[in-house]
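> give me the fold of what follows.
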Amino acid sequence: MSQSALKASTIAATMRLGRSRVCRRAVPVLAVAVAALLAGCAHRDSVTVGAIPDDYRTNHPIVIAEKNQKIDLPVGAGDRGMTGSQRDTLLGFLDGYDKSAAPTLTIQIPSGSANEVAATAAGRDFARLAVASGIKRNRIVVVSYQAGSSETSAPVRVSYISVRAQTDKCGRWPDDLVNTSENKHYADFGCSYQNNLAAQMANPADLLGPRKPSTIDAENRGAVIDTYRARGISEEFLGNSEVTY
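Okay, the predicted model is just below:
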């Protein structure tokens, strides 16, 4: 073999050896990269994104449920029956009584208190006023409750159960807003708004669905349509149809 041929053979062998070493080094690196990618794909759903905002309507939903409506009417030990202020206050309270549902109206009179005699007389007058306002006599229940002390005057409590739109109580602050970095609504967010909206619902059934439309006044509707047809389009409207700024 000539010297030139020997050199060419040596160079070719060296190149093959270099390529084999490069391949052996590249295979482990490629395997590690593929394994890392597969591992990332396998755990892509295990991360919870904290930037998704909460819905205050979900945190503080408005529900329709029974609620105990009650009022405490103070009675002095020297009173003899119902006073004028008590009458006005009780009539205002009974305005929310649903006569169609006719829930039981409970009048609780204190027993063993300093004003027991006066409270008993006032309780009878409260029952008569309730009947006069349209509440059936068989829906009124007069009971007594034990007063806390015989030396103090206890009020007469009037109550009934009604269906109301309501939500949970506000004022929950489980976390300190300063010590959190999550982009979420705090626990009490939207609670006051939901409570105010529920309190404005005169008829809680409106949240369940629309009411049945009332019957139309055909005579009044015909008169309105005849007036509209007879009037037509006014000249003032036709002459000032162009809008200028």
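> got phi/psi on residue 165?
phi -80, psi 130 (degrees, to the nearest 10).
> before we move on, what about residue 158?
Taking degrees, to the nearest 10 as the convention, residue 158 sits at phi -110, psi 130.
> burial check on it, number of neighbours?
23 (other Cβ atoms under 10 Å). In short, each C-beta sits where N, CA and C put it, glycine included.
> gap between it and residue 82?
Going from residue 158 to residue 82 by Cβ to Cβ, to the nearest Å gives 12 Å.
> intersection of neighbour lists for the two?
90, 126 (Cβ atoms under 8 Å, 6 or more residues apart in numbering).
> so residue 168 sits against residue 191, correct?
Yes - using Cβ atoms under 8 Å, residue 168 is in contact with residue 191, at 7.2 Å.
> the two - which one has more neighbours?
residue 191 (19 against 14).
> leaving out sequence neighbours, find the closest residue to that one.
Sequence neighbours aside, residue 170 is the residue nearest to residue 191 in space, at 3.8 Å (criterion: Cβ to Cβ, 6 or more residues apart in numbering).
> what does residue 188 give?
residue 172 (5.4 Å).
> tell me the contacts of residue 87?
So residue 87 contacts residue 129 (Cβ under 8 Å, 6+ apart).
> would it count as being in a helix?
Yes - the assignment for residue 87 by DSSP: H, G, I helix; E, B strand; the rest coil puts it in a helix.
> against residue 105, how distant is it?
Taking Cβ to Cβ, one finds residue 87 at 16 Å from residue 105.
> which residues of this structure fall in strands?
63-73, 105-111, 140-146, 156-166 (DSSP state E).
> kindly state which of those is positioned closest to residue 185.
Proximity of the strands of the chain to residue 185 was assessed by Cβ to Cβ; the nearest stretch is strand 63-73, lying at 19.6 Å.
> go through that closest one and flag the buried ones.
69, 73 (16 or more other Cβ atoms under 10 Å).
> shared neighbours of residue 168 and residue 191, anything?
In contact with both residue 168 and residue 191: residue 60, using Cβ under 8 Å, 6+ apart.
> in the protein, which spans are helices?
3-42, 56-59, 84-94, 116-132, 191-199, 218-231, 235-239 (DSSP state H).
> hey, least reliable of those by pLDDT?
Among the helices of the chain, helix 3-42 carries the lowest mean pLDDT, a mean of 51.
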